[in-house]
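A.B. asks: Take this sequence and fold it.
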Amino acid sequence: MADDGIDYSAYAGRVAFPRTPSDLLSTSNCPACFATLKSTVCSACGLDLGHPDAAKLYDRSVAAARTLDERLAIIGKMRYDAARAQSSVPAAEPAAPVISEPVVSIREPAAVLPAASAGAASAPRRSSVQVTLLIVGVSLLSVAAIFFLVYAFINFGVVWRSVIIGAITIAAIAGASLLRRRALTATAEGIAAFGVVLVYLDVWAIRANNLFGTASTDATLYWGTALLLAAVGFIVWHRMSSLRTASIVGFTTFAPAVGVLVSGIAEPHVTWVNSAFLTATAIVAAGLIHPLARRAGEPMLPERVIILVTTALTLLGALVLSVRIYERFEWASAIGLAGLAILAGMHVVALVHSPTAVSTLFGQMFAVFVGMSAASAIGVSVVRQGDPDAITIVPAVSAAAVALALEFSFRRVAPPAFRRVAATATIGAAVIAGLALLPAAVMAIGDAAQAAMTGVRNAWELEVTDTVTAHGPGIPWPVLTLAVIGALVALAWWIGRLFPDRAALVAWWAAFVLVTAVASLRIHWLEFAAWMLIAVTSLAALALLRGVAGAARYRPVLVTTMIVAGSLGYGIGWATTSTWWIGTLVVIGVTIASRSLVKSPGSKAALLGSGIGLALLSVGSVADQLTLHSNFGLEVALADRFTLTAIAAVVVLLGAAIPDGAASALDRRVEFWVAGSASVVALPIATILATRMPASSRSALLLPEYGTSLAIAIVLLASLALWIGLRRNQPLRAERIVASIAVAPALYLAVSAFARLLALPEFAMHVVPVTAAVLASAGSLTITTMRPATPGRLTTPRWTRELGVALVGVPAVFTAIRTDDGLTWLVLIIAAVAALLLAVDRDGLFSSGSPRHQLGWLALALATAGLWWRLNGDRVTDLEFYVVPLSIALLVISVLIALTAGRETPARNSAAAPSIALGGLLVSILPLGANAATGTTASALWLFAVCAILLLGGSAVVGDTIRRRFADACALAGAIGVIVIAAGRAPHLPAEALERDGWLAAAFLVLAVAGFLQARNRVADNHRLRAIASQALGLVAMTLVLVLEVPAMTDVATGGIRALTLVLLFCAVHVIAFLVSGPPLTRLVAFVAIAYAAIAGIAGAQLQALDAVELASIPIALALLATGVIHLSSTPASRSWPWLGPGTAVLLIPSLIATVDERPLWRLVGLGVVGIVVIVVGVVRRLQAPFTVGVVVVLIHGIATFLPQLRAAYEFLPWWLWLGAGGALLVVLAARYEQRIRNLKDVALKFAALR
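C.D. replies: Reported below is the predicted structural model:
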């Protein structure tokens, strides 16, 4: 272009030639270099697409793409005509011209294929849009055809009905076949689907019109025959036309049609169960048609999958139905299942000869059915006969025999394919055998468990000669079943030469049978002795087999047998007083003796721990037997039991603390954890029980209290001291740490027992726990100051002892606070002493460099709490006496800390001093501010004034570092005070009171001014943090006003003014902050302000404070549009959606929604006028967001306004005619989809060119 005399082509710069016409149409690539665009300025070549001529460039690109498309179409036509002319050349000629595939919408160079293979070339990809159009169109045509058929049935005679129906069906079938020959495959398949629907409508119409007397025939028989003929017809139609729709429908409906036909034949003569079984069997047999579903020698997968899935599901249903067929003939199920097995086998054979992935999958599935059917045939018939003994043994044995036979056979079948399916059939039979065997196994296990549980349910209530098994003296069929199957399996594996490899499995089964068979002895002492003998024998066998070659595979069997038999014997032994201790000693002895059979130190230690644990669990029963015939009550019995357990545990713990050569370090660790766990459980429970029981019951204990508890606690302390102090225990770090933690709780038990032994008053017992904590703290400090400060020390870390102190002291403090028994203040004071002892280190308290000196603050807090508790007890109510002295003390401490740090060499600024000052101020401001919420106005005003002075004064200071930090502390405390007072005072005032608005306005003003003061520049300061602080103050101010003003909108008189004021205030803040765009009025504040404006507007509308939604939406929309216009004018590359879209939506959509309920004339007219203005502005200014939103809103508004007229036009014609017309239109559109979609793409691309 050179209209102004300049040749601009010389300035084109980097320009690439398009590879395809689609490059010219893409709006995501640069039109010059075709690089991917990330903004309106290309990052590769620098072309600016924000130029006004960008739209003109796009129009030229579209025209060039169309020209190239026409050029490609001419080339394609030339090659197509040449190929057609060359197709008549004899095959002997050496070469054939090449043709290209049809050109699709994205113009890639078409691949060329020889003309001889053109028919085998893959068809062009079908667009999902085209397929969707066809599906919807055909569906609509089908629905219209159904209702047209009903209409013809009502309004025409038989002849005309038949002519109309037949003509439409023939036309659809012929049309689909003709379109398929013309290579319009997608459209042809759609019409074929319509033809299939018409065929089934014809089938219904023949019977409805009573053609050939069909109305008088049985309905099921008619439909079975019709569906079968239709299926065969569809298959033939597919063979002649290659339409897949006909093939899929024909093969899919063939087997169900046969089933319906058989059901129609059998239904009048048999019950519904027998009819259903025969129907299912017929479908399974008809499913053998699946090998015929082939095309060009290759299987058609969809058809085969549908047939096989239908057959498999039906076969599964037939298996279920076979249980109830022909109930008068007991062996009918066996015959039926055998027939199903044969049919499933035929399917397997057919599938094996078709080696595909689908055939393999379904072949395995049908093989499972073969095994399941064959294995369950005899068992199901026996179950139907109802003999319980036969039901126990026959189904399991017969199923196991079938599974073993299948296994024997598949190992001798030569072809690998048949070997795989035979193995799968074996698995199916094995599953049935397992399910059939499950009742016998459950009953056998249940008998053994019941016998063992006798000792738990009837502890010490039986005699050794009593019967403990529920079943009678007859044959134990469950155990016999297990034994027969085991023998059968062993024999089959012996014959099949598999026994050497599977001898371990036979051993497992034999052990299972042996252990469960003991329950058949029925007498207590026989079962107890048998199980104990099995356990001991297993242990002996393990000892004898050590070192024997090949015996390793039997070790798991023997170990499991020993454990299970010993556990069962131990359980049943508790049924009598004569056997429980024998069983306990035998089990403990077997467990300890088993240590000699293992080599792993971990296994040895585990066995030792198991033996000790069992001993500790059982030792308490000695007390029960000693007091068996006493009637002192459950509480005394429990106390005696836990006392003996605690004594045993503490003794074991003491013994484990002393190293010896017999026990390894790991053994001693296990002893520690087992005995320690028992001590943790038993000793506290015994102490609590002895403490709470009355003196009369306490005198009935086996061991005297509280001397026994004191002795146990002293021994426990001694054992813990040995664990901690002995040098040889130093490697056992974890155990020593736990022992160190346990010292303080053990000391508490000792102190408590000693105090009770001295018969101290009950109220004095409340200070015993915290006193023990003080003693433990003192001891910990003593050890710390006296120990050598060298690595490898004998003592444990100090924190372990302090954790023990916390375990005692913290619950004591909380308990004292909860009970409030008059000594709570003393408990708090003593706890403060303990915390002070913990805060002291070797180098003192205040001069200490250790972090533990911070615990001094905890001591101060506890002492203060104790003081306050005592003041409260003396009924002192003035809050200032509680908080002001503490605040003054903290402020003095902070100043002294700052002065001390400044006098150091070199001088430093203490970071802790301002924090302490902040805490001191908050100690008074927070409680007094909370109290001011309901106090007098005068007290609230002076406190608010003090906080405002602190906030503004602290924000105004710009001095040196330490002064500024103290000023920041004052500002933060003042801000918190202002917020607390305003937020606490305003909600307690009525909604109509102006004082409520005054408090919020004052708080907003003070926080806003402080925000501007914080935003000032300071020397050597973090400007980013200051900016954040200034913004935070502004956001808090707006949030405070919003949260507390919204509830006041419910007032009828002032609610609307409040809502409108909030909206206007936040909109103004939004616009001003957007213009300033600097702390404290940043973009973040602007966005939050407009969001708050929206919340205020929504709240006003919901609370009915605003008479019209436009009172809120219009100011918000104007604010958004103003800031959006400002941004677009300053940033030409920005899009209109993020900057004008929200404002336009807020301007139009709320009013549009409001027209649903309220439709005044001013709103209807105004919405239409404003919407049209927005559209015009969008078109004139080339703005996409206003244009789109305006068009959508105007369309919806227009449709909603003129909906009655549109409904009248729709109801003028029958609704199914609209469906038919729409379906026909969609089918036509699908046939001419490519050209239409290209036109739509042009429109969409022009729309995308808008800003």
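A.B. asks: Every contact and neighbour count from this point should use C-alpha atoms.
C.D. replies: Will do.
A.B. asks: Now do the domain split for the protein, please.
C.D. replies: Segmentation of the chain into domains, based on automatic domain parsing, reads 13-102, 130-384, 632-759, 764-876, 878-992+999-1016.
A.B. asks: which one of those has the lowest average pLDDT?
C.D. replies: If the domains of the chain are sorted by mean pLDDT, domain 13-102 sits at the bottom with a mean of 72.
A.B. asks: can I get the domains of the chain in a markdown table with mean neighbour count?
C.D. replies: Shown next, in a markdown table, are those (neighbours: other CA atoms under 10 Å):
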| stretch | mean neighbour count |
| --- | --- |
| domain 13-102 | 15 |
| domain 130-384 | 19 |
| domain 632-759 | 19 |
| domain 764-876 | 18 |
| domain 878-992+999-1016 | 19 |
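A.B. asks: The ones you listed into TSV, with extra columns for distance to residue 544?
C.D. replies: Formatted as TSV, the domains of the chain follow (distance: least, CA to CA, whole Å):
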stretch	distance to residue 544
domain 13-102	80
domain 130-384	42
domain 632-759	24
domain 764-876	47
domain 878-992+999-1016	75
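A.B. asks: Of all those domains, which one is nearest residue 1151?
C.D. replies: domain 878-992+999-1016 (29.3 Å; CA to CA).
A.B. asks: Just give me how far the closest one sits from the chain centre.
C.D. replies: 47 Å (CA atoms, centre = their mean, to the nearest Å).
A.B. asks: hang on, the earlier thing: which one of the domains of the chain lies nearest to residue 521?
C.D. replies: domain 130-384 (28.4 Å).
A.B. asks: phi, psi of residue 576?
C.D. replies: The phi/psi pair for residue 576 (degrees, to the nearest 10) reads phi -130, psi 160.
A.B. asks: number of nearby residues for it?
C.D. replies: 21 (other CA atoms under 10 Å).
A.B. asks: right, and the domains of the chain - which one's nearest residue 1028?
C.D. replies: Comparing the domains of the chain under CA to CA, the one sitting nearest is domain 878-992+999-1016, at 8.8 Å.
A.B. asks: Please, which helix or strand holds residue 942?
C.D. replies: helix 937-956 (DSSP states H and E).
A.B. asks: tilt between the next helix or strand after that helix and helix 937-956?
C.D. replies: For helix 937-956, the succeeding helix or strand toward the C-terminus, using DSSP H and E, is helix 961-985. Interaxial angle, helix 961-985 versus helix 937-956 (axes from the mean of the first three to the mean of the last three CA atoms, to 10 degrees): 150 degrees.
A.B. asks: one step back: so which elements touch the helix holding residue 942?
C.D. replies: helix 912-932, helix 961-985, helix 994-1014 (3 or more CA pairs under 8 Å, 6 or more residues apart in numbering; DSSP states H and E).
A.B. asks: Would you mind pulling the contact partners of that helix?
C.D. replies: 928-929, 932-933, 964, 966-975, 977-978, 981, 1006, 1009-1010, 1013-1014 (CA atoms under 8 Å, 6 or more residues apart in numbering).
A.B. asks: quick revisit: ok, which of the helices and strands packed on helix 937-956 comes nearest residue 345?
C.D. replies: Closest among the helices and strands packed on helix 937-956, using CA to CA: helix 961-985, at 82.8 Å.
A.B. asks: Packing partners of the helix of greatest length in the chain?
C.D. replies: When the chain is parsed with DSSP state H, its longest helix is helix 416-457. Contacts defined by 3+ CA pairs under 8 Å, 6+ apart place helix 416-457 against helix 332-352, helix 357-385, helix 388-410, helix 477-495, helix 503-517, helix 555-573.
A.B. asks: Out of these, which is closest to residue 50?
C.D. replies: Closest among those, using CA to CA: helix 357-385, at 57.2 Å.
A.B. asks: quick one on the thing from earlier: give me the angle between the helix holding residue 942 and helix 912-932.
C.D. replies: Counting by the same axes, to 10 degrees, helix 937-956 lies at 150 degrees to helix 912-932.
A.B. asks: Now distance to residue 686 too, for the helices and strands packed on helix 937-956, in TSV please.
C.D. replies: Below are those laid out as TSV (distance: least, CA to CA, whole Å):
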stretch	distance to residue 686
helix 912-932	46
helix 961-985	52
helix 994-1014	62
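A.B. asks: This completes my enquiry, with thanks.
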